[in-house]
Structures are given as structure tokens and as C-alpha cells.
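1. got a sequence here, can you model it:
(2 chains)
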Amino acid sequence: MNKFLKRLDPWRLMLEPGAFPGMRAPGMIYADEYIESLLEGEDVLSQVAGVACLPGIVGYSMAMPDIHQGYGFPIGGVAAFDVDEGVISPGGVGYDISCGVRLLATNIAARDFRPRADKALAALFAAIPCGVGAGKDARSDRDLEAVLKDGAAALVRAGMGTEGDLDKTEEGGRLAGALPDAVSGRAKERGRNQLGTLGSGNHFIEIQEVDELFLEDQAAAMGLKKGSIAIMLHSGSRGLGHQVCDDYIKVMGKAMDKYKITVPDRQLCCAPVSSPEGREYLGAMKAAANFAYANRQAMTHAARSVFSRFFPGEKATMVYDVSHNLASIETHVWEGKKRKVCVHRKGATRAFNGVPVLIPGSMGTSSYVLVGTEGAERETFASSCHGAGRVLGRNEAIRRSKGRNLVRELSEMSIKVMAKKTSTLAEEAPHAYKDVSAVVEVVQGAGLCRKVARLLPVAVMKG
Amino acid sequence: MAWRLVDHTADAGIEAEGETLDEVFLAAAEAFLYLCTGLLMDERELREGGKETLALSAEDGEELAVSWLNELLFKMETKSEVFIPETLNVSLSPPSVTAAGRTIPLAMDAIPVKSATYGRMVLRTSPRPFLRIFLDM
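-> I've put the predicted structure just below:
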């Protein structure tokens, strides 16, 4: 397939439509030579091509520079489908619906935080459950319905946050048009006691130092000051979202016969956006996304409570909260025409002009705050990357970590780490990921985003 | 009956094989529970427990494989219980699994698996029954 890959400029590779039978559009991969070198041996090109086979695709099957192998869609994948002629695919959103990143700014100087880092990290660990079914309280049916319908706003109403938090969350922390009734009882059962839990794998809470400002005015407007502490959370819709995806993959699998759709990989199963199945999935997906916003809000409330014990009076104000696994009905101009499209972002972040884009690194490297640009609106349906992107499978990462003491290595870099399981640290070790700075250089070089600030890890909590 | 873990850049895969589909699904369950709990089915923590029977059906064999593993996950997440299958009866016409085994309570901090997926799945019944299935972690 590599022979169909054509370099257009230092930041873009086109995958020509001849690469795979049935492609309805070319692929566009945002990659410099470093990222391109990591595509070798990956199954990702066939995944980019597979997405290009779906009906109603507009423009390109795109992949951001943090691209790596997923299921059906690649991670880092972006694809827009015409709302009248195109499809919506649960696999194009992924199991962790509205998995996303939230960033809080503080007035705490990093030099004041570091001496208390161990105790603060332990307190965060005690206050925020990681695991499955570990939430403090099972939600009543009524509470859960409110969360599915109103998202983070339901928690703010209950005193777990401020209106300002909602103003700084994409879509106000509540996707309109959520259909709680389209969420199965099984999904609700999985979510009932998981609100406010972090999860495992690549989910984390990281205390970071604002290390460098690239756009000082923008950083100041976000409340980010050089040398101050910020708090980054990465989590999603937990078991509830996983079940919604699983349920609707079954629904779509059946619907494809009805709509005479064929796909190269069952994980790409889909239905027309305007079909009853498509509309129902969108409503359930929005409800799961609302659960995710509320989940991050609940953890924010707990984190603020911890920080106020160590630093009385500290408010920890929101910088932004944005999803990177979502489908969204949006209007974009494509080739001079306004198009209403369903944009799938699977491991990709919405990047409207001037709006924050949060890019976590791996636990030993930088994270970035970016802003979207007109270039992203024009070229990628306002989308950018979502992180560093893995280069090693979990087993390989564990193998390469054998004999190493990652906690000590990170400690020698002045990074405190606590994890429920040591295997998580090995799976998530920095060497399992691409160089996040290189990924960010590609999206900036391609004109999709501009760098605002770089953040360095100080203390990391992993599930 | 045997299983092994397969690398995937983001996640993990399982390959299971056996003389029969019953053995394949049993081996896949053992690998899945290992990934979820870090324990093997014959370890001490997983030896006791009350008897239970699980039964489920699906539209086809691939959906049956996904549903089987996701059913084990569902019990872990919602009940903090691990179902240890002992005998399985797997049929593809119509697709169904009936499993008899033991259910034991097990406190779990975090289960790393989100779901079994259909991506690049291989399920075959001959010449030797085999399943390759990838998990979203």
C-alpha cells in the first residue's frame, strides 16, 4: 500500500484512491518524515483506506500525526460524512465515547507545590477512585437520567462546580439532543457507580508546571502563567460509553443489510445519519458524552477539594474541556460550498479557530495547549491531533520495561508517579509513545493549530 | 486448548485454539480473565465460588465471540464478580453459548479492558477451531 502514498509537502501525505478497492475518497495523513517512518509495519494505512470506503464521505479520510492502529477507524482518524447521503459509525467514535481532556489553571507556583507533591498525589489517589465500580455512590435512576440529559450541568446544579466550568467546556458540557432512553439498561448499570472514576490504561490525572508560553496573550486569557501549576485530567464515559458503542455496533450490523451498505471491516459498521438507527445512535452517543463531561466534572470537584486542603483559597479555574472521541453534526465550507456533515473524530480533537486544543503527552514528557486555526476549519473540518499516539503495543512496552524501575527513572526527572498497578506504568511508559513535540510540530507546521503553552509533568496519577 | 496474547499498537489481542469451539471459547475466556484480573483460572484466588450457569445467543459466530467475552466483563464491572467457566457448550446454528462454572467475588481496582471488538477478528471452525479477537484497552 505504501506505493500509493504520495508526499505533498513536509506535513502532508496523500493516500491515493487506488490503494484499496472501493475507496470513495483519497486519504490525507498529516505526517512529517519522522511520523511517516513510524507508519511502517502498521496496519493504519488500510484503516485510513477502509474509512474512505464509507458512503457519503466528504473530502478525505484524514489521519492526524498521532495516528496509530485502532479498530476499523485508525486512532487519530477524522472523517466527515454528508448528513443526507452519508453515514454515522459507532466504531468511528470508539468505545470510550467523549474520552477527553480537561485542564485547570492554578495560582500555585510549581516551586511551592513540589515539596508537597507526594502528599498531594496520595490525597488525590484517596479522593478519586480509579477503578471499575469503584465510585463512591451508585447513582439513582433519576440522578443518572439527569446526567445523561444535562451532562456536567447536572453536577454544577448539585454544587459540584461553577457556571464558569460549563462556559469553558465544549458545548457547555451538555450535548443537546441526548436521548437517555436510547441508552440500554445494561449501559446504565455499568455507569451507575462509575461517575467520578478515572479508569485505567492511558487515563490519568497529571499535575503539571507551565513551562513555556508561545502565545503570551492567549495563555494569559486562559489563566496560564509560566511557573504555575496546572491540573490535567484524561478520562471518558467509562463502562456506560463502552456499552453504548457495543450495543450500537450490533444495531448497525443488522441495519447495513437494510441499507445495502458493505464495509471492509465489521468494526466500520454504520447506518445513514438520517436513518432511525443513525439518529438513535447519535442520541445515545450524546447521552454517553454527557456522562463523560459529568465524569470529568466530578473528578474536578474532588481534585479542587484536595488542592484547597493543601493550598487554602485556591480555586483551580477551568482552562478548557474537550473530547477527542465524538461524532458531531457541524456545518463546514468544503470546496466553496457550505456542507452539513457528521464529523467523526476518533482520537482527534475539534480545533475551531481560536478555541483551545489540549494535547497530553506521555507521563514523562510535555503536554501542550494549542488553539485551532482557520486552516483547520478550512482543511480538516476543524480537527487536530489528540496526543502523542502510541508506537509500541502494550505487551511490547512491558517487555521493553523489564528490568527498569520506571518510578525511580521518573523520580530522577523530578516526576512523582502513583499507579494502582505497576503493569500500567510499564504499558504507559514514555517509550511506548511518539515524541509529542514532533506531533505538535506537524499540526502547527500544517497550519491546523498554534502552540500556546507547554506543560511539564510534576506528579502523575494513573489507574 | 491453548491461548496466547497478540500485540496491537493500542491494545491487545487473543488467539485461542482447541479441538472444538467449546475449547476455543474456554481458552479465550481464560486469556480474557487474565488480561482483566492478572490471574489465571487455576490460581488460588479463583478456585472457590458458587455454581452458576450463563447462557447467551447472538446473530452469528463473530457476535457470539464478542458477546461471550463482554458478558464476562459485564459481570466483573457491575457485580465485582468473576465468572470462571468450567464446561461450555458452543453452537453456531443457532449461535449460542451455555456455560457452567463458578462465580467468585473479587475486588478489582480497575479493569483495563473496555470491550471485545470485531476489528480484524478471525473465527474458524476448520481445519482446527481458532479465534483471534482484539480488545479495546
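
2. so residue A:331 bridges to which residues?
-> For residue A:331, the beta-bridge partners are residue A:340 (DSSP bridges).

3. next, count neighbours for residue A:361.
-> Number of residues near residue A:361 (other CB atoms under 10 Å in any protein chain shown) recorded here: 26. No exception for glycine: its C-beta is placed from N, CA and C like everyone else's.

4. wait, doesn't it sit right on residue A:432?
-> No - taking contacts as CB atoms under 8 Å, residue A:361 lies outside contact range of residue A:432: 11.7 Å.

5. next, the buried residues of stretch A:345-354.
-> A:345, A:346, A:347, A:348, A:349, A:350, A:351, A:352 (16 or more other CB atoms under 10 Å in any protein chain shown).

6. quickly check: it near chain B or not.
-> No - judged by CB under 8 Å from any CB of the partner chain, stretch A:345-354 makes no contact with chain B; its nearest approach is 8.8 Å.

7. off-centre distance for that stretch?
-> Counting by CA atoms, centre = their mean, to the nearest Å, stretch A:345-354 is centred 9 Å from the centre of its parent chain.

8. could you do stretch A:118-132 as well?
-> On CA atoms, centre = their mean, the centre of stretch A:118-132 falls 22 Å from the chain's centre.

9. okay, now the unreliable bits of the chain?
-> I went with chain A, as the question did not name one. By pLDDT under 70, the weakly predicted segments of chain A are A:40-42, A:132-138.

10. chain B was what I was after
-> Applying pLDDT under 70 to chain B flags the ranges B:44-46.

11. which residue ranges of it form strands?
-> In chain B, the strands defined using DSSP state E lie at B:2-7, B:12-17, B:50-57, B:81-92, B:95-105, B:115-116, B:122-124, B:130-136.

12. ok, now which ones touch residue A:405?
-> Contact criterion CB atoms under 8 Å, 6 or more residues apart in numbering or on different chains gives no residues in contact with residue A:405.

13. what distance do you get for it to residue A:386?
-> 30 Å (CB to CB, to the nearest Å).

14. cool, and residue A:418?
-> Taking CB to CB, one finds residue A:418 at 24 Å from residue A:386.

15. now do residue A:215
-> Taken as CB to CB, the span from residue A:215 to residue A:386 is 20 Å.

16. ok, back up a step: out of the buried residues of stretch A:345-354, which comes closest to chain B?
-> Using CB to the nearest CB, residue A:347 comes nearest to chain B of the buried residues of stretch A:345-354, at 8.8 Å.

17. nearest spatial neighbour of the closest one, skipping sequence neighbours?
-> In space, and not counting its chain neighbours, residue A:347 is closest to residue A:75: 3.7 Å by CB to CB, 6 or more residues apart in numbering or on different chains.

18. likewise for residue A:374?
-> Spatially, and ignoring its direct neighbours in sequence, residue A:374 is nearest to residue A:353 (5.0 Å; CB to CB, 6+ apart).

19. from residue A:80, how far out is that neighbour?
-> 17 Å.

20. and what of residue A:64?
-> 14 Å.

21. now residue A:397: closest residue in space that isn't a chain neighbour?
-> Nearest residue to residue A:397 in three dimensions, chain neighbours excluded: residue A:432, at 3.8 Å (CB to CB, 6+ apart).

22. please read the previous query as pertaining to residue A:17.
-> Nearest to residue A:17 is residue A:23, by CB to CB, 6+ apart, at 4.3 Å.

23. name the helix or strand for residue A:14, please.
-> For residue A:14, the element it lies in under DSSP states H and E is strand A:12-15.

24. same question for residue A:234.
-> strand A:228-235.

25. and that strand, what other elements does it pack with?
-> In this structure, strand A:228-235 makes packing contacts with strand A:100-109, helix A:110-113, strand A:204-213, helix A:276-310, strand A:449-462, judged by 3 or more CB pairs under 8 Å, 6 or more residues apart in numbering or on different chains; DSSP states H and E.

26. as a markdown table, the ones you listed with distance to chain B would be great.
-> As requested, the helices and strands packed on strand A:228-235 are exported to a markdown table (distance: least, CB to the nearest CB, whole Å):
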| stretch | distance to chain B |
| --- | --- |
| strand A:100-109 | 15 |
| helix A:110-113 | 26 |
| strand A:204-213 | 12 |
| helix A:276-310 | 12 |
| strand A:449-462 | 9 |
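
27. okay, those in a markdown table with mean neighbour count next?
-> Putting the helices and strands packed on strand A:228-235 into a markdown table (neighbours: other CB atoms under 10 Å in any protein chain shown) gives the following:
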| stretch | mean neighbour count |
| --- | --- |
| strand A:100-109 | 23 |
| helix A:110-113 | 16 |
| strand A:204-213 | 22 |
| helix A:276-310 | 24 |
| strand A:449-462 | 24 |
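
28. between the ones you listed, which one is nearest to residue A:334?
-> strand A:449-462 (19.6 Å; CB to CB).

29. strand A:228-235 and the closest one, what's the angle between them?
-> With axes from the mean of the first three to the mean of the last three CA atoms, to 10 degrees applied, the angle from strand A:449-462 to strand A:228-235 works out at 80 degrees.

30. strand A:449-462 pairs with which strands, parallel or anti?
-> Short version: by DSSP bridges, strand A:449-462 pairs with strand A:204-213 (antiparallel), strand A:367-372 (antiparallel), strand A:416-419 (parallel).

31. among those strands, which is nearest residue B:126?
-> Comparing the strands paired with strand A:449-462 by CB to CB, strand A:416-419 comes nearest, at 44.0 Å.

32. what does the closest one contact?
-> Residues outside strand A:416-419 that contact it (CB under 8 Å, 6+ apart) are A:117-118, A:121-122, A:125, A:363, A:406-407, A:410-411, A:425, A:458-463.

33. quick check: ChimeraX command selecting the buried ones in those residues.
-> Here is the ChimeraX command that selects the buried residues among those (16+ other CB under 10 Å):
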select /A:117,121,125,363,406,410,425,458,459,460,461,462,463
